[in-house]
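Chemist: requesting a structural model of the entry that follows:
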Amino acid sequence: MARRTFSAPTASALARRLGLSRVTVSYVLNGRGKQYRIPESTQKRILACAKEQGYVPQWNSLSLKDKHDWDVGFLILGSLYSHHQEAFNLFCRHFQEHGLNNIIQTTVRDRLVESIKMVRGLRIPALILMGDDKWNPLHLPLWQEAMDYLAHMNVIFYDFPFGILPESPFLEAGITLVGIDRNKAYTAILDLLAKRNLTRIATLQSYMGSTLHPLKSAYEKVSGSFGPALLLKNPPGIAPGTFPFGLELFKRHIDAVVKNKIDCVLLHDDHEALGFCAGAEASGLSVPGRFSVIGFDGIAEGQTRTPPLTTLRVPYQKMTETVLQGLRQTQVGGTGRKHLFDVALINKNNGTLNTGCTEGGHVD
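Modeler: Coordinates of the predicted model:
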């Protein structure tokens with residue numbers, strides 16, 4: 001069960017599937033098939049295959065001289081976690097159904113400004129920012145430089161890291177923020193564990209060792225109710241947020257978990273949590289009998305296992321609907337709007353527990 005990240009097919013992949021040259025496919029995808037006298041039947045084959053395979057053009061493959069009427073741009077920062085991928089699929093399905101042209105670019109923090117300059121050059125009227133490479137407030141000056149190039153655009157930040165990045169610079173730049181409050185979410189988990197006297201916690205060292213991670217700040221607020229957390233080192237050579245990562249984490253640290261009589265293993269992704277549970281069950285350890293495991297995202301795979309995974313469910317469907325509503329607004333400028341959504345704690349014994357976030361709150 002691999003981590004689901006953004007992996008749209010490329011022009012080269014479509015060319016291999018169709019048995020055509022990459023240049024021919026690229027000309028058609030860039031709207032220049034007629035100019036280069038590519039047969040109409042071939043153009044139709046290419047466009048049909050692109051639609052079937054979910055192809056979305058990447059703007060770094062385009063010339064700024066190409067004439068396109070793009071309706072929406074995606075800027076993917078890093079990779080897409082589970083609910084990000086689900087949201088991205090909903091966006092693309094909506095745009096296809098409504099005949100909107102969308103284009104995508106993946107980037108990393110160090111190339112943020114360069115990528116946004118390209119957005120401006122392509123004259124894309126609306127932009128969706130999403131992805132996991134956006135957390136560090138130390139990079140706020142880079143964001144502020146990037147925001148200088150976002151004027152006269154309708155910009156929406158999906159899953160904005162409330163409580164980590166400051167909101168005011170983005171709102172003042174007219175950017176709409178859609179997301180959840182992770183600090184409140186983790187505080188709700190820890191409060192629940194404290195009430196149930198599950199006070200021996202294990203989690204990743206990369207979470208609790210970072211002053212920026214919301215789990216650390218939430219833990220510090222209620223640490224009097226808990227013993228010292230057992231910090232687990234990341235397995236080397238395996239991507240976090242994947243089933244293999246969670247499985248290897250179990251293999252490397254189960255002895256310490258048992259020795260320290262851990263009550264709960266708290267992870268940041270459902271795929272990691274499912275991998276850890278699989279390792280425990282293969283070793284004859286009952287979950288949640290011997291210890292509890294809590295994930296994050298609320299993906300379907302976690303709820304179809306027996307027993308269902310305890311996790312935080314992100315309301316990505318409501319969040320994507322809010323983004324789509326924001327895209328329909330033509331007014332640009334002024335102060336951005338803030339949409340803060342509930343995160344539900346899904347527990348197999350006690351149903352859905354609200355974390356107390358404010359759903360759909362606005363800052364006008």
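Chemist: where does the stretch 201-350 of the chain dip in pLDDT?
Modeler: When residues are selected by pLDDT under 70, those of the stretch 201-350 of the chain lie in 209-212, 223, 330-333, 348-350.
Chemist: so the residue nearest to the spatial centre of the chain is in which element?
Modeler: Centroid-nearest residue in the chain: residue 84, 3.4 Å away (criterion: CA atoms, centre = their mean). Using DSSP states H and E, the element containing residue 84 is helix 82-97.
Chemist: not counting its neighbours along the chain, what's nearest the residue nearest to the centre of the chain?
Modeler: Counting by CB to CB, 6 or more residues apart in numbering, residue 84 lies nearest to residue 130, which is 5.7 Å off, once chain neighbours are set aside. No exception for glycine: its C-beta is placed from N, CA and C like everyone else's.
Chemist: there's contact between that neighbour and residue 77 in this structure, I believe.
Modeler: Yes - using CB atoms under 8 Å, residue 130 makes contact with residue 77 at a distance of 7.0 Å.
Chemist: more neighbours: the two, which one.
Modeler: Set side by side, residue 130 and residue 77 show more neighbours around residue 130, with 25 against 22, by other CB atoms under 10 Å.
Chemist: so which helix or strand takes in that one?
Modeler: Going by DSSP H and E, residue 130 is in strand 126-131.
Chemist: I'd like the next helix or strand past that strand.
Modeler: Following strand 126-131 in sequence order, the next helix or strand is helix 140-147 (DSSP H and E).
Chemist: in terms of secondary structure, what does the helix or strand harbouring residue 273 contact?
Modeler: Assessed by DSSP H and E, residue 273 sits inside helix 270-282. Counting by 3 or more CB pairs under 8 Å, 6 or more residues apart in numbering; DSSP states H and E, the packing neighbours recorded for helix 270-282 are helix 243-259, strand 292-294, helix 300-304.
Chemist: just to revisit the earlier point, residues contacting the residue nearest to the centre of the chain?
Modeler: The contact partners of residue 84, by CB atoms under 8 Å, 6 or more residues apart in numbering, come to 6, 130, 131, 132, 158, 159, 316.
Chemist: and for the residue lying closest to residue 24 once chain neighbours are set aside, the neighbour number?
Modeler: Distances taken as CB to CB, 6+ apart place residue 38 nearest to residue 24, at 6.1 Å, with adjacent residues excluded. Using other CB under 10 Å, residue 38 has 17 other residues around it.
Chemist: SS state for residue 38?
Modeler: Look at residue 38: counting by DSSP: H, G, I helix; E, B strand; the rest coil, its state is coil.
Chemist: buried stuff in the helix holding residue 273?
Modeler: With burial defined by 16 or more other CB atoms under 10 Å, the residues of helix 270-282 counted as buried are 270, 271, 272, 273, 274, 275, 276, 277, 278, 279, 280.
Chemist: just put the residues you listed in CSV and tack on distance to residue 204.
Modeler: Supplementary listing: those in CSV, determined by distance: CB to CB, whole Å:
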residue, distance to residue 204
270, 14
271, 14
272, 8
273, 12
274, 15
275, 13
276, 11
277, 16
278, 18
279, 15
280, 17
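Chemist: send me stretch 261-281 as PDB with only the CA atoms.
Modeler: C-alpha atoms of stretch 261-281 as PDB (Å, rounded to 0.1, in the frame of the first residue of the first chain):
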ATOM      1  CA  LYS A 261       4.800  -0.300  28.000                       C
ATOM      2  CA  ILE A 262       3.600   2.200  25.400                       C
ATOM      3  CA  ASP A 263      -0.200   2.800  25.300                       C
ATOM      4  CA  CYS A 264      -0.500   4.600  22.000                       C
ATOM      5  CA  VAL A 265       1.600   5.000  18.800                       C
ATOM      6  CA  LEU A 266       0.700   8.400  17.300                       C
ATOM      7  CA  LEU A 267       1.600   8.800  13.600                       C
ATOM      8  CA  HIS A 268       0.900  11.500  11.000                       C
ATOM      9  CA  ASP A 269      -0.400   9.500   8.100                       C
ATOM     10  CA  ASP A 270      -2.900   6.700   7.800                       C
ATOM     11  CA  HIS A 271      -0.700   4.700   5.500                       C
ATOM     12  CA  GLU A 272       2.100   4.800   8.100                       C
ATOM     13  CA  ALA A 273      -0.500   3.700  10.800                       C
ATOM     14  CA  LEU A 274      -1.800   0.900   8.700                       C
ATOM     15  CA  GLY A 275       1.700  -0.400   8.100                       C
ATOM     16  CA  PHE A 276       2.500  -0.300  11.800                       C
ATOM     17  CA  CYS A 277      -0.800  -2.200  12.500                       C
ATOM     18  CA  ALA A 278       0.000  -4.800   9.900                       C
ATOM     19  CA  GLY A 279       3.400  -5.500  11.600                       C
ATOM     20  CA  ALA A 280       1.800  -5.800  15.000                       C
ATOM     21  CA  GLU A 281      -0.900  -8.200  13.900                       C
END
